[in-house]
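Enquirer: just to be clear, the model below is a prediction. Sequence and coordinates:
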Amino acid sequence: MAARPPIGGPGRPAPGRIRRARLATALALGLLAGAQSLGCRSDGARPAPPAGAPSILLISIDTLRADRVGAYGARFGATPAIDGLAAQGLRCEKAISPAPITLPSHATLLTGLYPPRHGVRHNGIFRLADEHVTLAERLRDAGWATGAVVGALVLERRFGLDQGFDFYDDQFGSDRANPGGFPERPAAAVTDAALGWLERTPGPFFLFLHYYDPHADYAPPSPWNARFAGRPYEGEIASVDAAVGRLLERLRADGRFDDTLVVVTADHGESLGEHGERTHSYTLYDATLSVPLVLRGPGVPAGATLPGVVSTASVAPTLLRLAGLPAEPGLDGEDLTQRWSAPNAGAGEAYAETLATQLDHGWAPLHALRTPAFHFVRAPRPELYDAAADPKELRNLLDGGRPPEADLLDGRIAAHLERGLPLRTAPLDGETLARLRALGYALPDGPVAQTGIDPKDGLPQVEIYVDARNALFAGDLDAAERKARELLAASPASGQAEKLLAGVEQKRGNLPAALAHLERAASLVPESAPFLTEVGDLKLELDDVAGAVAAYEAALARDPGFPWAHAGAMWRAHLSGDAADAVAHAERAVALRPDDAQLRLRIARAWDRFAEPERALAAYREALRLDAGLQAAHMGVAIQLARLGRDGEVAEALTAAGPYAQDSNYRSRLAIAYAARGESERAEALFREILAAHPEHPGARRNLAHLLRKTGRGGEAERLESEARGGAELPPQAAR
């Protein structure tokens, strides 16, 4: 690729500082969503943006390494839209992500702070605190309309990135890039949602878009699957580029493109097998840290390259300057307009880290500093690479001694860490911790003991984990257990290994063993609300309602915005009799995830178990409104209709339920519904039909015995009851 001219030219002037009115207390109490107006005038009107203010479009493409973009030398032809922006604007020669992990990297992108400063150090178990000021907050306070559309659950609003957005679209289906990945939606759907918002939003606007598609597993849609046959990662990138191109074309057609600042970057790259890593998260080489950073629009030099190293932490302060606003003081990122205005615009440096190594498997954390000349990685066995002579980072200069550059760069890393926050992940309060320990949980007072091994030595274990996970989801339980135990032997502090073993035992139907592994996983990763919620789910299946409720409460103490824990906490009403408490948790769960059919299904099942057929029926129908093909919800509707005596509607619901209508467990619940209404003959016929097909079905056998006793046939009931093992119990209403 031909060299591009270095940039130059004056930066834009910055007007006076615009003050914000923070509402941190109300936000912390959950009384105001992130989209509430912050810093507006007391009469509710939004201030006018500066005269001639540009609109801003910030695009982040998940898992996009720089060298797969044409403007950075790729020859695959996968990125014509991004390449066009680079040709018309500015390409940063070496942009470095602050973490090879989605949530911390995006927190940096929107705050201008490195992870130690904003405190978000991993996916799923951290939240951006309200006291941090985001780019969206600054722009909205100054009059911009602010919107965001994200492509995967990893950036769901409960993790705090919605601060300052009028509109934050984190609604997507249950599709996953891989069995262990986050629910996501394809690039075309992200663009559709963005266009919908733009159509109803006059300028100036700030729109943040997150495309998740290049994340593993790589399965590009047609026609890119054929066009990039054998290169599925590049095919995913091409599909995103096409979606970006469609968005840019609409801006052109609407006459808004020339007045819009467009920035395209990525949260991190992808190893693709380099340095022994298949994907990302556990290494800090250029393969996972070097990302594209392209700017185009008002105030940006055209057809230029910014030499040297920049961090994506510089995006926020640079966009604020280009928008005519001053940056927040004390940011880690720099105003790049000063770099491209300077005669010697090179140099620069960028900090990066990963704590996934420590938090997932108990290994040592990694920290790095990248300059144009060197790349230093702080690790138990540190690494130093000559960035110019060894771009693939294959020759560790520390193998033959310790050059003075290593100590210099290590000192700069130490300075970043000294300025950082303590590692905090919403600790449990003392009362909750004591209650959990009383129930038998081995939760620690502080961080779990770590092995501290060098992640370079642990990387082969990640491959074992991937193999175990794939075997589990393929149904090869013996292989999954073998691999998971191999991983656990190598990494005794790996909560992921214990979680895999829990999954194996759960699929085998051995729930007590599954619970033991899952409780161990929750103790190894005590920050994880999902792990604790799954503990609650298993305890519920084992009829330990008190233990389940304690686990759900612990999950909410970790993450008050985790909707599935709120749905689980509905079960507190089963102990207290307080239906209003269950309603409140159900409403909170729905408010957090209004378009999630599976969450509605979970809520409906709770109402079903509480013998609240009207509420259960309404929740099942809400699930079907969101996903008409959800056959489990159709079966739930049939059971509630039977309980309510609306027999004329039951047959239609059973037809829509498909295979669920023939499932022995669901048919047993239908029989229980009839028994609860006093229709003993119909219930008995159903129980006997189930036992004819499944003689060992414990629930049908035990419930039939219960029914026989109530109808005066105690002898037959005794014979059946002696063989009963578990299963659903008849509710109290059935005995009346």
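Expert: Perfect, thanks for sending it.

Enquirer: mind listing the strands in this protein by residue range?
Expert: 55-61, 90-96, 145-149, 167-169, 205-211, 260-265, 290-291, 293-296, 304-311, 350-354, 366-370, 374-378, 383-386 (DSSP state E).

Enquirer: so for Gly495, which of those strands sits nearest?
Expert: strand 350-354 (16.6 Å; CB to CB). (Each C-beta comes from the backbone N, C-alpha and C, glycine too.)

Enquirer: so which elements touch that closest one?
Expert: Other elements packing on strand 350-354 under the criterion 3 or more CB pairs under 8 Å, 6 or more residues apart in numbering; DSSP states H and E are strand 304-311, strand 366-370, helix 404-418.

Enquirer: show me the residue sitting in the middle of the protein in space.
Expert: Val154 (1.6 Å; CA atoms, centre = their mean).

Enquirer: so what's that residue up against?
Expert: 102-103, 123-124, 182, 212 (CB atoms under 8 Å, 6 or more residues apart in numbering).

Enquirer: how near is it to Leu691?
Expert: 46 Å (CB to CB, to the nearest Å).

Enquirer: same question for His585.
Expert: In terms of CB to CB, His585 sits 37 Å off from Leu691.

Enquirer: longest single helix anywhere in the chain?
Expert: helix 232-253 (DSSP state H).

Enquirer: where does the stretch 151-300 of the chain dip in pLDDT?
Expert: 173-182 (pLDDT under 70).

Enquirer: flag the helix or strand of the protein with the lowest per-element mean pLDDT.
Expert: helix 24-28 (a mean of 26; mean pLDDT, DSSP states H and E).

Enquirer: isn't Phe531 right next to Ala502, touching?
Expert: No: look at Phe531 against Ala502 with CB atoms under 8 Å: they stay out of range, at 9.3 Å.

Enquirer: where do the contact lists of these two overlap?
Expert: 518, 521.

Enquirer: who touches the longest helix of the chain?
Expert: 57, 59, 61, 64, 68-69, 76-82, 85, 186-188, 190-191, 194-195, 198, 209, 211, 213-214, 218-221, 224-225, 227-228, 257, 260, 262, 264, 270, 272.

Enquirer: and the angle for that helix with strand 55-61?
Expert: 170 degrees (axes from the mean of the first three to the mean of the last three CA atoms, to 10 degrees).

Enquirer: the chain should start at 525 in everything you say after this.
Expert: Renumbered: residue one is now 525, and that last one reads helix 756-777.

Enquirer: just the buried residues of helix 756-777, please?
Expert: 756-772, 774-775 (16 or more other CB atoms under 10 Å).

Enquirer: and stretch 1163-1174, by the same measure?
Expert: For stretch 1163-1174, by 16+ other CB under 10 Å, it's 1163-1168, 1174.

Enquirer: same check, this time on stretch 884-904
Expert: Neighbour-count burial for stretch 884-904 [16+ other CB under 10 Å]: 884-896, 898-903.

Enquirer: go on, stretch 781-791?
Expert: Buried residues in stretch 781-791 (16+ other CB under 10 Å): 781, 784-791.

Enquirer: hmm, back to that, let's have the strands of the chain in CSV, adding distance to Ala1224.
Expert: Formatted as CSV, these follow (distance: least, CB to CB, whole Å):
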stretch, distance to Ala1224
strand 579-585, 52
strand 614-620, 61
strand 669-673, 48
strand 691-693, 45
strand 729-735, 48
strand 784-789, 58
strand 814-815, 57
strand 817-820, 62
strand 828-835, 62
strand 874-878, 51
strand 890-894, 55
strand 898-902, 60
strand 907-910, 62
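
Enquirer: ok, which of those comes nearest Pro1050?
Expert: Here strand 874-878 is closest among the strands of the chain (CB to CB), at 19.8 Å.

Enquirer: what's the closest one in contact with?
Expert: 620-625, 638-640, 645, 805-808, 813, 833-835, 837, 856, 889-894, 936-937, 940, 979.

Enquirer: next one: stretch 905-920
Expert: For stretch 905-920, using CB under 8 Å, 6+ apart, the contacting residues are 798-799, 809-810, 894-901, 921-922, 927, 929-930, 933-934, 978, 980.

Enquirer: straight-line length of that stretch, end to end?
Expert: 10 Å (CA to CA, to the nearest Å).

Enquirer: please name the nearest non-neighbouring residue to Gln717.
Expert: Quick fix: residue 717 is Ala, not Gln. Nearest non-adjacent residue to Ala717, counting by CB to CB, 6 or more residues apart in numbering: Val673, 4.5 Å away.

Enquirer: likewise Arg1212?
Expert: Leu1228 (6.9 Å).

Enquirer: now do the same contact list for the one you found.
Expert: Leu1228 touches 1208, 1211-1212, 1215, 1244, counting by CB under 8 Å, 6+ apart.

Enquirer: pLDDT below threshold where in the stretch 925-1074 of the chain?
Expert: For the stretch 925-1074 of the chain, the ranges with pLDDT under 70 are 948-974.

Enquirer: redo that, cut-off 50
Expert: Within the stretch 925-1074 of the chain, the ranges that satisfy pLDDT under 50 run 949-973.

Enquirer: test my guess that Glu1043 contacts Val1059.
Expert: Yes: here Glu1043 reaches Val1059: they are 5.8 Å apart, a contact under CB under 8 Å.

Enquirer: so Ile1163 versus Arg936, what's the distance?
Expert: 63 Å.

Enquirer: cool, Leu819 as well?
Expert: 26 Å.

Enquirer: who has more neighbours out of the two?
Expert: Leu819 (27 against 14; other CB atoms under 10 Å).

Enquirer: count of neighbours near Glu1005?
Expert: Residues near Glu1005, counting by other CB under 10 Å: 19.

Enquirer: leaving out sequence neighbours, find the closest residue to it.
Expert: Val1028 (4.8 Å).

Enquirer: got the contact list for the closest residue in space to Ala1199 that isn't next to it in sequence?
Expert: In this structure, Ala1199 finds its nearest non-sequential neighbour in Ala1207, 3.8 Å apart by CB to CB, 6+ apart. With contacts defined as CB under 8 Å, 6+ apart, Ala1207 is in contact with 1195-1196, 1198-1199, 1231.

Enquirer: returning to that earlier point: using CSV, write down the CA coordinates of the longest helix of the chain.
Expert: Taking C-alpha atoms only, helix 756-777 is exported to CSV below (Å, rounded to 0.1, in the frame of the first residue of the first chain):
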residue,chain,number,x,y,z
PRO,A,756,-15.1,-17.2,7.5
TYR,A,757,-13.5,-14.6,9.8
GLU,A,758,-13.0,-12.3,6.8
GLY,A,759,-16.5,-13.1,5.6
GLU,A,760,-17.9,-11.9,8.9
ILE,A,761,-15.9,-8.7,8.6
ALA,A,762,-17.2,-8.2,5.0
SER,A,763,-20.8,-8.6,6.2
VAL,A,764,-20.3,-5.9,8.8
ASP,A,765,-18.6,-3.6,6.3
ALA,A,766,-21.7,-4.0,4.0
ALA,A,767,-24.0,-3.1,6.9
VAL,A,768,-21.8,0.0,7.6
GLY,A,769,-21.9,0.9,3.9
ARG,A,770,-25.7,0.8,3.9
LEU,A,771,-25.8,3.1,6.8
LEU,A,772,-23.4,5.6,5.2
GLU,A,773,-25.3,5.5,2.0
ARG,A,774,-28.5,6.5,3.8
LEU,A,775,-26.7,9.4,5.5
ARG,A,776,-25.5,10.5,2.0
ALA,A,777,-29.0,10.1,0.5
